[in-house]
Structures are given as C-alpha cells and as structure tokens.
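J.: structure for this input, please:
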Amino acid sequence: MRTESLKFLEELTNCFGPSGFEKEPARIVKKYVSQYADGTSTDKLGSFLFTKKGSADKPVILIPGHVDEVGFIVSSINKHGFLTFNPLGGWFDQVLLGQRVKVRTAKGIVPGIIAAKPPHLLPAEERSKVVTKDKMFIDIGASNEEEAKEMGARIGNPIMPDSCFSTMEKKVFKDGKRKGTDTIAIGKAFDDRIGTFIAAEVVRTLKEQGIKHPNTVVGAATTQEEVGLRGARTTAHVVNPDVCLTLEVDIAGDVPGIEASEAPTKMGYGPSITTYDSSMIPNQELLEFVLGVAKKAKIPYQLSQIARGGTDAGIIHISNAGCPSLVIGVPTRHIHAHAGLLSLADTENTVKLLIEVIKKLDRKTADGFTAI
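T.: Below you'll find the model as predicted:
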C-alpha cells in the first residue's frame, strides 16, 4: 500500500467520530478524495458523497462505507465528578472495564477510564457476575461535580475509545508452506472506516490510472449506521443508485470460540462477499456477476453469512423503487471493541475487486439484475 494511502487510513481511523458526531472523519475524507473526484456533495444528515464520472451517466453505482464508529455519550455527572454514559452502537459489557476513552468537551478532549466498583469490595456472589454498563462510570480525575464541569464535562458530551493505529508485518504460512508476507493493521473504528477508505481508494485509482468505466461511481461516507442505518437512508434518497456495493467489515471467525458456521471468513484470505444477513438478501444476479468477475481476475474471495446484524445495504436495497445490492467486506477481528485487526492485503484485494466490477458494469448488465 502506498505511503499516502496508509497515512490517510491512519488519520481516518484515529480521529473522533462516534455516531452523530462524524464531521471530523467526513472532513478528512473530503480533504483526501476531492482531488480525485469529479464532484462532491453532502446530504443533510452529514454524509459526504464523491463522484467519479465514467463514459455514461447510467448506471449509477453507489459504494458506501459508514464513517461513524461505536462510542458513548455522557448521561450524567454525579456529585463525586464521575460520568455515566449511554452507548452509541452495540457494545459487549465485558470489553469495556479498564479501557481508556476520550471525552470531547467545549474545552477540548478530556481523557478518562471506564471503571466500576473494585472486586475487593464486592460480595462473593457478585464477583463472578458480568458488570453491566449501567454499573460503570468514567473517571476523568475529578473529585466532585464542580471540578468535572470546570473541565468541560456535561450531559451530551460524545466519547470515543482511546486507541491508536499501528501496523505489524508477518510472514504468511498456509497449508504448512510459506506464502509471502502481509501487513496487519491494528486500531479502532475499522467498522467501518475501512469501507470509507476503500471507496476513496477506488475513486483515486480510477482517476490516477485513467481507468475507463461505463457508469457513474458515487462513493459515500455515510453517517449514523451504528444507531440505525440513518445516513444510508438519506444517501440513497439523494443518489438514487442503480446498483449498490456496500463496503463493510466482516466478522473474522478465525479466533478461539467461534465456529465456522457462525462466521466463516478468515483474516488474510481475501475480501468477503455476503450471501445473507438479517437486513438483506442480496440480488442474486449481482452476486453471481461479482463472483464471476473475481474468478476471472483471480482475486481471492470468501463467502460469508451473518445471522444477526446488518449494514447500510439493508436500507439502500429497499430505497426508492429498490436497488440491487451486495455487501463486500474486509474480515476483521474484534469489531466493536477498543482495537481490531485486519489484513492490508485483504483491503487491497477489495479495492482491486471493486475496480474490476466497475470496469464491467454497464447499463445492460445492471438492467439484467432486475429483469424478469
């Protein structure tokens, strides 16, 4: 991956942007991609759109990735100066205790730690129980309510995980044989700034390499996906796409305790193509088209299903009169936590797959997805 792209990914994932507070990542995307796009715009919910025109106006291919991350919002300040919070998006209670966070206030960023009553003071019957979010608090170092408010704390402050992007190189072995190397990225907000990153890289590649494509491509950094696919609804209304290729993370199942039937994809084995989730059954003709393109281009891929969960495609595929849609993802370990892991080889192969699909997706092909 080129240095400029990696720097963009680092800045994008490190920045502050829980659901409903996405202006910072949207501005980072705008700064990076505007030089490659033929035009940019926004909807009124804060989603940022960037267009690359090909040789035809139609079909319009929407490639969205949501730019919000899971986070929290301050719900109260108690008399001792500790903050309670509500989640912005889905969090499992056990991944929270002891983690560092950043609280954004009118006076700047205030660091804090998610804490709870120490185990030394818990009755024996409570020590084995999971501490739930409603029993946790954020310690920002204040000793009373007045100190906390003087630091800028108030109800409604957004909160994000305190976690920095990094990479590591590894030697790849498959079936007992050395298969080259890969770079593993570690950080927060891969769900789903990796999707936004891929959309921007697709538009950049189309522009810089002068790739001809018989359609119009619209990349989107959508908002508020984690709290109800809200930016997807307004984006679909604005764009009115003919085809949607939603870019997402996929839950990598190659970790202890997960069965292949629950999450079949693995980190480092290629992008995932989702055949079903609880919000959408993909258009089957589009699915087969993408699989055919991947096979012909010799791009590795994995088939996936998600029994519980959905993506922006869940809203976009039923927008307007309907839109043939498919989810293409990057298998990612430990999503909805302070830090996840993903393969940059998978990320680059996802970009390659999108480019190959876009090169071949003309109006006749798109019309065929819904022909009866």
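
J.: check contacts around residue 367.
T.: By CB atoms under 8 Å, 6 or more residues apart in numbering, the contact set of residue 367 is residue 59. For the C-beta atoms, the positions are set from N, CA and C on the backbone; glycine is no exception.

J.: what about it, distance to residue 28?
T.: 36 Å (CB to CB, to the nearest Å).

J.: what pLDDT does residue 308 get?
T.: Note on residue 308: pLDDT of 87.

J.: tally of neighbours for it?
T.: Residue 308 has 7 neighbours, counted by other CB atoms under 10 Å.

J.: and the spatially closest residue to it that is not a sequence neighbour, how many residues sit next to it?
T.: In space, and not counting its chain neighbours, residue 308 is closest to residue 278: 5.7 Å by CB to CB, 6 or more residues apart in numbering. Counted with other CB under 10 Å, residues neighbouring residue 278 total 12.

J.: give me the neighbour count for residue 37.
T.: Neighbours of residue 37 under the rule other CB under 10 Å: 22.

J.: again with residue 299
T.: Using other CB under 10 Å, residue 299 has 18 other residues around it.

J.: what stretches of the stretch 51-200 of the chain score poorly on pLDDT?
T.: Across the stretch 51-200 of the chain, nothing is flagged by pLDDT under 70.

J.: mind redoing it with 90?
T.: Along the stretch 51-200 of the chain, the model assigns pLDDT under 90 to residues 116-131, 174-176.

J.: run through the strands of it in chain order.
T.: With DSSP state E, counting those that start in this stretch, the ranges of strands along the stretch 51-200 of the chain come out as 60-66, 71-77, 83-88, 100-105, 108-115, 137-139, 158-161, 166-174, 177-187.

J.: most tightly surrounded among the ones you listed?
T.: Highest mean neighbour count among the strands of the stretch 51-200 of the chain (mean count of other CB atoms under 10 Å): strand 60-66, with a mean of 27.

J.: how far off centre is stretch 27-36?
T.: 18 Å (CA atoms, centre = their mean, to the nearest Å).

J.: average pLDDT for that stretch?
T.: Looking at stretch 27-36 alone, the average pLDDT works out to 98.

J.: please renumber so the chain begins at 785
T.: Shifting the count to begin at 785 puts that one at stretch 811-820.

J.: can you give me the helices in the stretch 785-934 of the chain?
T.: Listed in chain order, the helices of the stretch 785-934 of the chain (DSSP state H, counting those that start in this stretch) span 787-798, 807-817, 908-911, 929-934.

J.: so can I have TSV of these showing distance to residue 1022 and mean neighbour count?
T.: Output for the helices of the stretch 785-934 of the chain, formatted as TSV (distance: least, CB to CB, whole Å; neighbours: other CB atoms under 10 Å):
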stretch	distance to residue 1022	mean neighbour count
helix 787-798	22	17
helix 807-817	15	19
helix 908-911	51	9
helix 929-934	40	16
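
J.: using CSV, lay out these together with distance to residue 1074.
T.: Converted to CSV, the helices of the stretch 785-934 of the chain look like this (distance: least, CB to CB, whole Å):
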stretch, distance to residue 1074
helix 787-798, 23
helix 807-817, 23
helix 908-911, 50
helix 929-934, 51
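
J.: which among the ones you listed is found nearest to residue 987?
T.: Smallest distance to residue 987 across these (CB to CB): 5.9 Å, for helix 807-817.

J.: who's in contact with that closest one?
T.: Identification of contacts with helix 807-817 by CB under 8 Å, 6+ apart yields 792, 795-796, 799-801, 824, 826, 830-832, 834, 851-852, 973, 977, 980, 984, 987-988, 1003, 1005, 1007.

J.: that helix vs strand 884-889, what angle?
T.: 100 degrees (axes from the mean of the first three to the mean of the last three CA atoms, to 10 degrees).

J.: mind checking how far helix 807-817 is from the chain centre?
T.: Here helix 807-817 shows a centroid-to-chain-centroid distance of 15 Å under the convention CA atoms, centre = their mean.

J.: quick one: that helix to helix 787-798, angle?
T.: Using the same axes, to 10 degrees: helix 807-817 against helix 787-798 is 170 degrees.

J.: thank you kindly, that will do.
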